[in-house]
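> have a look at this prediction, sequence included:
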Amino acid sequence: MFFPVATYSHIIGRCSITGGYVYRGSQYPELQGKYFFADYCGQEIGIVHQDNTLAWINGLPSAFFTSFGEDAQKELYVAGSSKLYKIVGTNLGVNNPSQREIKILPNPAYDFIQIDGFEHISQVFIFDSQGKFLKTINDLTGNTIDIKDLISGVYLFQVHADNLSYSFKLLKK
């Protein structure tokens, strides 16, 4: 039989644990080994420290947290109220990566597209409308992509930049 390593009361509006992850990323070393979870009704994120004590992140956006996940670099995300938040910083706050303004111009496009909103794009993966991988573009300079070699149609672009990943559809004329 296994006993809980940490418990908390439901008397102050908490009702349901949303399971999480142990932080294994490298961006915030002070978070290493801490388990992040949420309470759906309490609208707060809990942290179980390595000594099994609990802490709570309060003052978050109004969200009913439903799920946790991690990216390829083991950075943590939490979903709630139709938004995705990234666990960030030493203050244990969250931010909303979807608030970043990304522009793909023009769309529809003929020969070139410009991707604005990133300092440095490390990789771009291009897929056809059926999801078949077509090509990779590495270390993009100027954030301009030559698409002359693509035939007319719909394409999916996956952009890796600034430690985040974004996807968008492009119509090539």
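In hand now; what should we look at? Numbers count the residues shown, from 1 in each chain.
> ok, residue 52 touching residue 6?
Yes. Contact status for residue 52 versus residue 6: in contact at 5.2 Å, counting by CB atoms under 8 Å. C-beta: built from backbone N, CA, C; applies to glycine.
> okay, now the unreliable bits of the protein?
For the chain, residues meeting the criterion pLDDT under 70 lie at 11, 59, 61-62, 89-102, 139, 162-165.
> map the structural domains onto the sequence of it.
Per the record, the chain has its domains at 17-98, 103-172, by automatic domain parsing.
> among those, which is the most enclosed?
domain 17-98 (a mean of 16; mean count of other CB atoms under 10 Å).
> centre of the chain to it, how far?
12 Å (CA atoms, centre = their mean, to the nearest Å).
> ok, now stretch 114-132?
16 Å.
> ends of it, how far apart?
23 Å (CA to CA, to the nearest Å).
> also stretch 21-38?
End residues of stretch 21-38 are separated by 10 Å (CA to CA).
> contact partners of that stretch?
Residues outside stretch 21-38 that contact it (CB atoms under 8 Å, 6 or more residues apart in numbering): 17-20, 44-50, 65, 68-70, 73-76, 78, 80, 87-90, 92, 163.
> now with 7 Å?
Outside of stretch 21-38, the residues within contact range by CB atoms under 7 Å, 6 or more residues apart in numbering are 17-20, 45-50, 65, 68, 70, 73-76, 78, 87, 89-90, 163.
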